[in-house]
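Enquirer: this one's structure only:
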């Protein structure tokens with residue numbers, strides 16, 4: 001249409017899309033650096049090879065950006081002419097054009113078939129036959145229940161939103177008991193003392209001997225970082241020790257009187273929050289939030305964009321319900337008791353505002369560097385006022401072990417994959433956590449979403465060889481690949497499932513989200529907004545392709561259909577499109593761990609949500 005032709009210089013078009021301009025504002029303000037870093041390389045590579053015919057019209061800088069946005073989103077698989085045609089039909093709304101082109105791409109072409117000629121009734125010979133007298137209609141047989149078809153990793157579309165029936169696993173060891181194992185993630189603002197606390201816990205539980213600790217102290221002093229010596233127990237890489245910052249999640253285990261505890265020491269710097277989510281919080285049963293009690297240090301972590309508040313929101317988003325708040329460095333405060341009360345009252349109020357239950361919250365003052373109040377009641381004068389008579393280890397023993405899903409399909413959340421030439425687990429081996437069901441040695445499984453078929457050769461459960469592992473166990477197991485070329489197709493965030501009950505794999509779903517309240521300038525969320533999604537240990541780029549409804553937080557009723565935007569504090573139902581691949585996902589009512597997700601932008605958690613419908 002001539003009305004919509006764009007010129008480099010000249011009159012502006014007659015119909016300027018107000019929605020398109022708002023889309024650009026949101027895109028600029030919400031561009032996630034995690035997303036942007038990934039996208040820029042891809043964009044540059046594609047753009048470098050993009051050519052235009054001489055007949056192609058140049059539309060001006062603003063409009064060319066919209067054209068480029070649509071083409072890059074569709075992986076440059078749609079011709080420019082088709083993109084222009086789609087944009088003209090929707091008044092140059094990029095999101096609507098993408099939806100229309102995706103729909104056209106996925107719809108199979110309609111086959112024109114000629115209607116068969118009507119059948120002529122055969123001429124009847126002989127005397128007419130009387131119709132039988134009407135009688136009672138025969139009873140219809142009840143339809144047999146549909147059995148789930150055994151497949152090679154693809155769930156039939158009709159099964160995506162079914163409710164799973166209980167499964168009975170065979171060959172479970174007679175002595176199998178509910179797992180007493182707890183994964184505890186340690187979170188908090190940078191320099192709060194998380195790694196020091198982890199190291200001291202392991203030292204006091206004799207996982208690390210005194211000789212090793214003395215060696216760390218000597219090496220740390222030589223580098224001028226003597227105060228970091230205890231943290232080196234889990235900060236093992238050269239980069240972490242030189243910078244004095246935790247980068248990857250450190251994993252160490254120890255036993256208490258009633259529990260087997262695996263500590264997940266997570267990074268505090270905002271640059272490494274994705275590592276915290278994928279390797280720590282997504283696999284945790286409970287958390288220790290470490291805060292620095294010294295003046296201004298606590299405020300830096302809790303106010304504005306401090307990571308204490310951010311980490312608490314992530315814990316809630318990922319389903320962690322039990323939290324121990326360890327108030328560290330109280331000996332460095334002028335009035336330790338008053339400062340402790342001030343901090344705990346503020347944190348308790350914030351935790352309760354975000355749906356944590358008061359009965360699941362614990363508070364304790366500690367001195368991580370010296371080990372006060374960790375394994376023994378402190379005799380330090382700075383903690384004389386705290387006469388409760390319990391320690392951090394005592395609180396760990398009080399934590400409730402979550403109910404394990406032993407009657408659901410097997411799901412193993414893959415944390416890492418390596419190749420070993422020595423030891424029990426030779427060859428390709430995988431480390432992860434059994435989230436549901438039972439994992440057996442010498443059986444065949446499938447890893448989604450790439451449909452990699454494997455056989456478990458050897459299995460190590462919680463550090464010991466075993467014939468099987470149950471929900472709640474941390475496992476390492478070597479595998480034999482059906483196709484050796486699939487070796488590079490196993491990654492963090494993928495899910496190992498049974499062949500007959502694979503986890504669904506989708507590119508689109510409906511989610512119910514809660515938009516968090518943030519201080520400062522925050523833009524509304526609109527159709528076409530881009531985020532980084534974290535679902536269990538998986539991470540991907542997504543677009544909100546539709547805003548379906550806003551719901552009342554208290555009554556769960558729809559108060560507005562098809563809103564133009566959603567704001568902080570809103571509860572909304574949205575349609576989410578996964579970019580550049582597929583995602584393992586479950587309905588929240590089937591699997592909580594694989595049915596909840598987090599949306600992030602620009603180093604901040606923007607919303608949490610649950611999956612209410614899988615589309616495919």
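Expert: On my side now, so go ahead. Just so we're clear, the structure is a prediction, and the values are computed from it rather than from any experiment.
Enquirer: thought residue 526 was touching residue 565?
Expert: Yes. Counting by C-beta atoms under 8 Å, residue 565 is a contact partner of residue 526 at 4.8 Å. Bear in mind the C-beta positions are built from the backbone N, C-alpha and C, glycine included.
Enquirer: between these two, who's got more neighbours?
Expert: Taking other C-beta atoms under 10 Å, residue 526 and residue 565 do not tie; residue 526 has more neighbours (20 against 16).
Enquirer: following the chain onward from the lengthiest strand in the chain, which element is next?
Expert: Longest strand in the chain by number of residues (criterion: DSSP state E): strand 538-551. Using DSSP states H and E, the helix or strand that follows strand 538-551 in sequence is strand 558-561.
Enquirer: packing partners of that next one?
Expert: strand 538-551 (3 or more C-beta pairs under 8 Å, 6 or more residues apart in numbering; DSSP states H and E).
Enquirer: hmm, back to that, which residues do residue 526 and residue 565 both contact?
Expert: Counting by C-beta atoms under 8 Å, 6 or more residues apart in numbering, the contacts common to residue 526 and residue 565 are residue 547.
Enquirer: what number of residues lie near the spatially closest residue to residue 398 that is not a sequence neighbour?
Expert: Closest residue to residue 398 apart from its sequence neighbours, by C-beta to C-beta, 6 or more residues apart in numbering: residue 362 at 7.3 Å. The local packing of residue 362 (other C-beta under 10 Å) involves 19 other residues.
Enquirer: next one: residue 223
Expert: Neighbourhood size, residue 223 [other C-beta under 10 Å]: 12.
Enquirer: what's the answer for residue 300, then?
Expert: When neighbours are counted by other C-beta under 10 Å, residue 300 comes out with 18.
Enquirer: now do the one 10 residues further on
Expert: Burial of residue 310 is recorded as 24 neighbouring residues (other C-beta under 10 Å).
Enquirer: element containing it?
Expert: Element membership for residue 310, per DSSP H and E: helix 307-317.
Enquirer: for the residue nearest to residue 398, name its beta-bridge partners.
Expert: Listed beta-bridge partners, residue 362: residue 324 (assigned using DSSP bridges).
Enquirer: isn't it right up against residue 324?
Expert: Yes. Counting by C-beta under 8 Å, residue 362 does reach residue 324; the two are 4.5 Å apart.
Enquirer: helix, strand or coil for residue 347?
Expert: With DSSP: H, G, I helix; E, B strand; the rest coil as the basis, residue 347 sits in helix.
Enquirer: also residue 393?
Expert: Classified using three-state DSSP, residue 393 is helix.
Enquirer: what separates it from residue 315, distance-wise?
Expert: 21 Å (C-beta to C-beta, to the nearest Å).
Enquirer: in terms of neighbours, single out the busier of the two.
Expert: residue 315 (25 against 19).
Enquirer: what sits against the nearest residue to that one once chain neighbours are set aside?
Expert: Setting aside the residues directly before and after it, residue 315 is nearest to residue 287 in space (C-beta to C-beta, 6+ apart), at 5.2 Å. Contact analysis of residue 287 by C-beta under 8 Å, 6+ apart lists 184, 185, 186, 187, 281, 315, 320, 322, 323, 324.
Enquirer: the same query, at a cut-off of 7 Å, please.
Expert: Residue 287 makes contacts with 184, 185, 187, 315, 320, 323, as judged by C-beta atoms under 7 Å, 6 or more residues apart in numbering.
Enquirer: and residue 87, by the same measure?
Expert: By C-beta under 7 Å, 6+ apart, residue 87 lies in contact with 66, 70, 97.
Enquirer: would a markdown table of those residues with pLDDT and distance to residue 439 be doable?
Expert: As requested, the contacts of residue 87 are exported to a markdown table (pLDDT from 0 to 100; distance: C-beta to C-beta, whole Å):
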| residue | pLDDT | distance to residue 439 |
| --- | --- | --- |
| 66 | 82 | 49 |
| 70 | 80 | 44 |
| 97 | 82 | 46 |
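Enquirer: need these in JSON lines (columns: distance to residue 501 and neighbour count).
Expert: As requested, these are exported to JSON lines (distance: C-beta to C-beta, whole Å; neighbours: other C-beta atoms under 10 Å):
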{"residue": "66", "distance to residue 501": "44", "neighbour count": "22"}
{"residue": "70", "distance to residue 501": "38", "neighbour count": "22"}
{"residue": "97", "distance to residue 501": "39", "neighbour count": "27"}
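Enquirer: out of those, which are inside helices?
Expert: Judged by DSSP state H, the contacts of residue 87 include 66, 70, 97 as members of helices.
Enquirer: pretty sure residue 308 sits against residue 302.
Expert: Yes. Using C-beta atoms under 7 Å, residue 308 is in contact with residue 302, at 4.7 Å.
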